[in-house]
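K.L.:
Structural data only, the sequence is not supplied:
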Ligand code: PAF
């Protein structure tokens, strides 16, 4: 099947490399011309930290073009599914202009972002398209513009978020369910542990809790994930952020899995040496996703009368870390 991937960061390259080597037709849409050139000349490599055999795909087995050309190509020669593997920052700042001309099209988009808020934006931009959400625990680190390290095997769960359903639409009426099933099969053929779920909202909100505790604190303290467990004082602050977030969920009527607190501690232990995506952004002086992670908890609290002082503070602190002096 023909798969478009917008975003050639760590996750985009990982998905592309493994899907291409399993026989899928992939078009990769990159933000820089330099990356397109390097991918065309050097191909794409997925390597493993544990020394497993790397996957290398030559540049003539896929196309890599600047994302600015996505719209034109999509109009002339549509792919079956488009994966969005850019960060929230890029999605909100750069993609609206690129996607708007496709507002009459019936695209199938699968969104891999952390946090909340992107589905609402995409619904406005692409009212005729079908928006799916993918939540993944795959861990990947981009080493160069053409090489990604698969740092930890996880799962990919795909579903329709209640935010992406139109008023009278139900899961059973999705016109493109067949394409998404074929995509999940392509993922499985490429060695991913992928499934379709009707409970994707629960998984989204679980991941939001994990990100809302781990990401900002690792960014503020500049520690890898395991560093959060270094002292009881740090764990106490994590617990306070967590408690405020679940109280907000309760006020909003959001259901979440029990034992998420234990899961957060386990993620810190299992990924103890990893740099969180938010700390990586701060270290590279890039805008972070704080607005769509802790900021979405603040918005939920404000809308449903829950007190969210800690999440408001943390948003202000992390935003201040990457503000450039004018
Ligand atoms: O955003 C991230 O970096 C990850 O989702 C996680 C596991 C919360 C921290 O590394």
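P.N.:
Received, thanks. Bear in mind the structure is a predicted one, so any value in this text is a computation, not a measurement.

K.L.:
Would you mind listing what in this protein touches the ligand?
P.N.:
Residues of the chain found near the ligand (C-beta under 6 Å from any ligand atom) are 114, 210, 211, 214, 215, 225, 267, 271, 274, 276, 277. Bear in mind the C-beta positions are built from the backbone N, C-alpha and C, glycine included.

K.L.:
Nearest to residue 318 among those?
P.N.:
Minimum distance to residue 318 across the residues of the chain next to the ligand is 8.4 Å, recorded for residue 215 (C-beta to C-beta).

K.L.:
Could you report the pLDDT at that closest one?
P.N.:
Residue 215 carries a pLDDT value of 98.

K.L.:
just to revisit the earlier point, could you tell me which of the residues of the chain next to the ligand belong to helices?
P.N.:
Counted as lying in helices by DSSP state H, out of these, are 210, 211, 214, 215, 267, 277.

K.L.:
Not including adjacent chain positions, what is the nearest residue to the fifth one?
P.N.:
If you skip the residues right next to it in sequence, residue 267 has residue 210 as its closest partner in space, 5.8 Å away by C-beta to C-beta, 6 or more residues apart in numbering.

K.L.:
Redo the ones in helices among the residues of the chain next to the ligand as JSON lines? Include neighbour count.
P.N.:
Shown next, in JSON lines, are these (neighbours: other C-beta atoms under 10 Å):
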{"residue": "210", "neighbour count": "21"}
{"residue": "211", "neighbour count": "22"}
{"residue": "214", "neighbour count": "24"}
{"residue": "215", "neighbour count": "27"}
{"residue": "267", "neighbour count": "21"}
{"residue": "277", "neighbour count": "20"}
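
K.L.:
for residue 256, what are its contacts?
P.N.:
Residue 256 is in contact with 202, 205, 206, 209, 246, 249, counting by C-beta atoms under 8 Å, 6 or more residues apart in numbering.

K.L.:
Wasn't the last one part of a helix?
P.N.:
Yes: when DSSP: H, G, I helix; E, B strand; the rest coil is applied, residue 249 is found to be in a helix.

K.L.:
neighbours around it, how many?
P.N.:
20 (other C-beta atoms under 10 Å).

K.L.:
can you check the fifth one too?
P.N.:
The number of residues packed around residue 246, counting by other C-beta under 10 Å, is 17.

K.L.:
sec struct for it, please.
P.N.:
Residue 246 ends up helix, using three-state DSSP.

K.L.:
Contact partners for residue 318?
P.N.:
216, 219, 220, 278, 282, 288, 290, 294.
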